[in-house]
Every structure is written in structure tokens, then in C-alpha cells.
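Colleague: Take a look and give me a structure for this.
(chains A and B)
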Amino acid sequence: MSDQLAIQQADQVTTDHERIARLVRGAQRGDGMAMQELLDVLAPYVGRLCGPIALQDGPDAAQETLIAVFRGINRLRDPRALFGWVRAIAVREAVRVARRSAPAEPLDTEVPQRGDPQLAADIRDVLNRLSPEHRAVLVLRDLEGLDERTVGELLKVSTGTVKSRLHRARQGFRKAWER
Amino acid sequence: MTESWPMAELDQVRRLHVLAAATPAAPTPRA
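Modeller: All right, here's what the predicted structure looks like:
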């Protein structure tokens, strides 16, 4: 990477931090424009977390998450912590909303095989066979890239539980990914 | 790979619902 590009990227990060901080402060004052802009920033992030955990209830979970975020925005003291704070709320709401729905089927049946129509459909199929708690571990570890200890803290379970859930969740994915 | 994961979309109705639920109620005028 050239120095110039590195400087440009650093400037962009600073600008993003400043923009986020401005939006959070505005939302905390009840500024409607800031809330709308912050919603534009957060909705894709929340959707990416809630979708794989809550599946067909994903939009409900995303909506509940964002309502909780805006209602609790005054509790957020440091805007730099915004995404971590939102992530914790999104996972909690996604698991809660998903558990209201039909329970997941046990993961002991056939998983998608090579040659099935689409990978996206395969992934959804595997996710459907996992419990919301297993899906949450998978999303935080594989999609968000968090370490096992942090995942355990977020979900209020031990690192051992995180490992066993992850093992079971990945078993289901292995065949779908080994294409 | 990650782009194949299902993503929850927030449609316009839900968006409005979030903003309405989050906006503090205006004070009721006194009679």
C-alpha cells in the first residue's frame, strides 16, 4: 500500500468516526435528522447480524433491535463503542425473536450436498437446522470474527459452550462448504 | 462466502415504525 493511500484511508476512518460521533450526539438530543441518518448507517449492520440468527424473523428482530438502540441511545457514553453495543443488542434480540418461533430441527439429518441448486439456499437450509443460540455463535465467530472468549461474554455462556456450539454448527456447514 | 448469508432487510414501513417508536412523544398541550 502506498503512503498516500494509507493516509487517505486513515483520513476516511477519522471522518467516519467523526460522522458517527456527530450522529450519536444528535440522536441523543432527539434530533430527527441525525436519527434518520444513524438508522441508514445501522440498518445494514443490524440486518447482517439478525438475518442469519433469526432467519424468517430477521426483519422483526432487526426492527426490535433498532427500537431498543434508539430508546437506549442515551446510555451510550462513548460513540466509538456504538457498533459493539449495537451488536450485543442485535444478537440478544435476534435470539429472543427466533425462540418465539418454531424450534429448530435437530442437526442429524442430511445436510446439503454438492450439486444442490444454490449455495445461498444451502446456507439457509443448514442455518434452519440449528438453534438460534448455535446460529448466534456461528455469526459472532465466523461473520463478526470475534474470539471465543468475547463470544462467550456476549452470550453469557462459557468458552467451552461456545466451542461445542461452534463445533456442532460447523459440522453442518462442512459439507455445504466442501464444494 | 459472507454475501451468501441471509440478511434481514428493513423495509420502509419498519423504518418508519422504528423512528416513530424512538422519537420522544411531543409534550401534550395543556387545555
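
Colleague: isn't A:I123 right up against B:P6?
Modeller: Yes. With contact taken as Cβ atoms under 8 Å, A:I123 and B:P6 are classed as touching, separated by 7.4 Å. Yep, even glycine has a C-beta here, placed from its N, CA and C like the rest.

Colleague: Excluding sequence neighbours, find me the nearest residue to the residue nearest to the spatial centre of chain A.
Modeller: If you average the C-alpha coordinates of chain A and look for the closest C-alpha using Cα atoms, centre = their mean, you land on A:L49, 2.3 Å from that point. Ranked by Cβ to Cβ, 6 or more residues apart in numbering or on different chains and with sequence neighbours excluded, the top spatial neighbour of A:L49 is A:A90, at 4.3 Å.

Colleague: Please give me every residue in contact with that neighbour.
Modeller: Taking Cβ atoms under 8 Å, 6 or more residues apart in numbering or on different chains as the criterion, A:A90 is in contact with A:Y45, A:V46, A:L49, A:C50, A:A61, A:A62, A:T65.

Colleague: in which helix or strand would I find the fifth one?
Modeller: When secondary structure is defined using DSSP states H and E, the element that contains A:A61 is helix A:58-71.

Colleague: What is that helix packed up against?
Modeller: Identification of packing neighbours for helix A:58-71 by 3 or more Cβ pairs under 8 Å, 6 or more residues apart in numbering or on different chains; DSSP states H and E yields helix A:32-54, helix A:82-100, helix B:12-22.

Colleague: Quick check: mean pLDDT of it?
Modeller: The average pLDDT for helix A:58-71 rounds to 97.

Colleague: what does stretch B:21-31 give?
Modeller: If you average the pLDDT over stretch B:21-31, you get 63.

Colleague: So what's the residue count around A:V41?
Modeller: One way to gauge burial is a neighbour count; for A:V41, by other Cβ atoms under 10 Å in any protein chain shown, it gives 17.

Colleague: I'd say it and A:V24 touch.
Modeller: No. Here A:V41 lies out of contact with A:V24, judged by Cβ under 8 Å, at a distance of 9.9 Å.

Colleague: and the helix or strand bottoming out on mean pLDDT in chain A, C-alpha only, in PDB?
Modeller: Counting by mean pLDDT, DSSP states H and E, the weakest-scoring helix or strand in chain A turns out to be helix A:119-128, with a mean of 78. Taking only C-alpha atoms (Å, rounded to 0.1, in the frame of the first residue of the first chain), the coordinates of helix A:119-128 have been written out as PDB:
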ATOM      1  CA  LEU A 119     -25.000 -22.000  -2.000                       C
ATOM      2  CA  ALA A 120     -27.200 -19.300  -0.500                       C
ATOM      3  CA  ALA A 121     -30.100 -21.700  -0.300                       C
ATOM      4  CA  ASP A 122     -27.800 -24.300   1.200                       C
ATOM      5  CA  ILE A 123     -26.600 -22.000   3.900                       C
ATOM      6  CA  ARG A 124     -30.100 -21.000   4.800                       C
ATOM      7  CA  ASP A 125     -31.000 -24.700   4.900                       C
ATOM      8  CA  VAL A 126     -28.200 -25.500   7.300                       C
ATOM      9  CA  LEU A 127     -28.900 -22.500   9.500                       C
ATOM     10  CA  ASN A 128     -32.500 -23.600   9.700                       C
END
